[in-house]
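J.: Generate coordinates for the sequence data below:
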Amino acid sequence: MIYDIIQDRSQEVNLGSACFALGVSRSGYVKWLKREPESDIMGLRDELQTIAVEFPRYGYRRMAMELKRRGFAVNRKRVLRIMREDNLLCVKRLFKPVTTDSNHSLAIHPNLAKGLEVTGLNQLWVADITYIRLLAEFVYLAVVIDVFSRKCVGWELDHRIDGRLAKRALEMALSERGGDLSGLIHHSDRGVQYASGDYVNMLRENCIRVSMSAKWNPYDNAFAESFMKTLKYEEVYLCEYDSFREAYANIGRFIEDVYNKKRLHSSIGYLSPDEFEKKVILKQRSA
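T.: As a prediction, this is how the structure comes out:
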């Protein structure tokens, strides 16, 4: 209403003086002038709803292309924003690849994590593997999480789900943490990647104890499952990765720059993992 008054008197008074007198910013008024007519916005939203009903699995990129085909001048960022606001981003639940193969003859290790009270860093790591859907294929993500701080200390993304995938995530975790890790428990499912001799030997070489979930009990590795859910709902499901390179860059950015550095966790006092770890280390040094 104030902007309407300024516009009505724009020929009579100085713009800067009018904005100052009425307590609004000049930049805000200029932005208001350039706003899109409400009828155009509603038309775009209606068309988005129509396409979403016809193609419920469309992500924002395909949606943007379809809108352009129908005569709307839009870009991907704008379409993504509107789809978020209108809750039109689809959660893809079609074919689900199997990421755990526990049908093997390798040694199975007892569950050392059950009932464990974690009181510090590098006491309990959990590891897991999930799939990521690209436009034309699936790729696989392996992660290692420090339970105490919720920090993802190691990760790797690859086309293949094999022992090398899990090993590279572990190698990153070992490089990230360094130092004496004796007494640390590494917990995972019973998958062949984690039961392999190479993987178990790498743990033992660093004096890390091996722990595995009970059979057919995915909730036994709840901390890793929680991380995967956060990653998918806050990054993967909001994007359509055209290529492995794009997926690797975006997932890496989310893990390292968003999840570890910025995302607040209620379980650690509404701090990010990095902030929480710095606080813990500072407290230890001053003790």
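
J.: Please make it C-alpha for all contacts and neighbour counts, starting now.
T.: Noted.

J.: Alpha carbons only: can I get the one helix or strand residue 276 maps to in CSV?
T.: Assigned by DSSP states H and E, residue 276 falls within helix 273-286. Taking Å, rounded to 0.1, in the frame of the first residue of the first chain, the C-alpha atoms of helix 273-286 are listed here in CSV:
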residue,chain,number,x,y,z
PRO,A,273,29.7,-31.2,13.8
ASP,A,274,32.8,-29.0,13.2
GLU,A,275,31.7,-26.4,15.8
PHE,A,276,30.9,-29.2,18.3
GLU,A,277,34.3,-30.8,17.8
LYS,A,278,36.2,-27.5,18.2
LYS,A,279,34.3,-27.0,21.5
VAL,A,280,35.2,-30.5,22.7
ILE,A,281,38.8,-30.1,21.8
LEU,A,282,39.0,-26.6,23.5
LYS,A,283,37.4,-28.0,26.6
GLN,A,284,39.9,-30.9,26.7
ARG,A,285,42.9,-28.5,26.4
SER,A,286,41.7,-26.2,29.2
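
J.: Could you give the separation of that helix from the chain centroid?
T.: With CA atoms, centre = their mean, to the nearest Å as the basis, helix 273-286 stands 24 Å off its chain's centre.

J.: Model confidence at residue 162, what's the number?
T.: Looking at residue 162, its pLDDT reads 82.

J.: and residue 116, that one's in a strand?
T.: No: the assignment for residue 116 is coil, going by DSSP: H, G, I helix; E, B strand; the rest coil, so no strand is present there.

J.: who's in contact with the spatially most central residue of the chain?
T.: In the chain, the centroid-proximal residue (CA atoms, centre = their mean) is residue 231; its distance is 2.7 Å. By CA atoms under 8 Å, 6 or more residues apart in numbering, the contact set of residue 231 is 254, 255.

J.: quick one: it is in a helix?
T.: Yes: per three-state DSSP, residue 231 lies within a helix segment.

J.: show me where pLDDT drops low in the stretch 151-287 of the chain?
T.: Applying pLDDT under 70 to the stretch 151-287 of the chain flags the ranges 215-220.

J.: Show me the helices in it, by range?
T.: 163-177, 192-195, 197-205, 222-234, 244-253, 273-286 (DSSP state H, counting those that start in this stretch).

J.: Return the set of buried residues in the longest one.
T.: Using 16 or more other CA atoms under 10 Å as the test for burial, helix 163-177 gives 163, 165, 166, 167, 168, 169, 170, 171, 172, 173, 174.

J.: Quick check: chain neighbours aside, which residue is closest to the first one?
T.: In space, and not counting its chain neighbours, residue 163 is closest to residue 193: 4.5 Å by CA to CA, 6 or more residues apart in numbering.

J.: Quick check: buried residues in stretch 260-280?
T.: 260, 261, 262, 263, 264, 271, 272, 273, 274, 275, 276, 277.

J.: ok, back up a step: ok, the residue nearest to residue 163 - contacts?
T.: 162, 163, 164, 166, 199.

J.: picking up where we left off before, I'd like the buried residues of helix 163-177 as CSV, with distance to residue 253 appended.
T.: Output for the buried residues of helix 163-177, formatted as CSV (distance: CA to CA, whole Å):
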residue, distance to residue 253
163, 24
165, 19
166, 20
167, 21
168, 18
169, 16
170, 19
171, 19
172, 15
173, 17
174, 20
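
J.: List just the nearest of those to residue 62.
T.: Using CA to CA, residue 165 is the member of the buried residues of helix 163-177 that lies nearest residue 62, at 31.0 Å.

J.: Surely that closest one and residue 156 touch.
T.: Yes: applying CA atoms under 8 Å, one finds residue 165 in contact with residue 156, separated by 6.3 Å.

J.: Mutual contacts of those two, please.
T.: Listed as contacting both residue 165 and residue 156 by CA under 8 Å, 6+ apart are 141, 142.

J.: how many neighbours does the nearest residue to residue 254 once chain neighbours are set aside have?
T.: Closest residue in space to residue 254, ignoring its immediate chain neighbours: residue 235 at 7.0 Å, by CA to CA, 6+ apart. As a burial measure, residue 235 scores 17 neighbours (other CA atoms under 10 Å).

J.: my read: residue 235 touches residue 251, true?
T.: Yes: the pair residue 235 and residue 251 qualifies as a contact (CA under 8 Å) at a distance of 7.3 Å.

J.: Would you reformat the helices of the stretch 151-287 of the chain as TSV and include distance to residue 186?
T.: Output for the helices of the stretch 151-287 of the chain, formatted as TSV (distance: least, CA to CA, whole Å):
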stretch	distance to residue 186
helix 163-177	10
helix 192-195	10
helix 197-205	8
helix 222-234	12
helix 244-253	22
helix 273-286	19
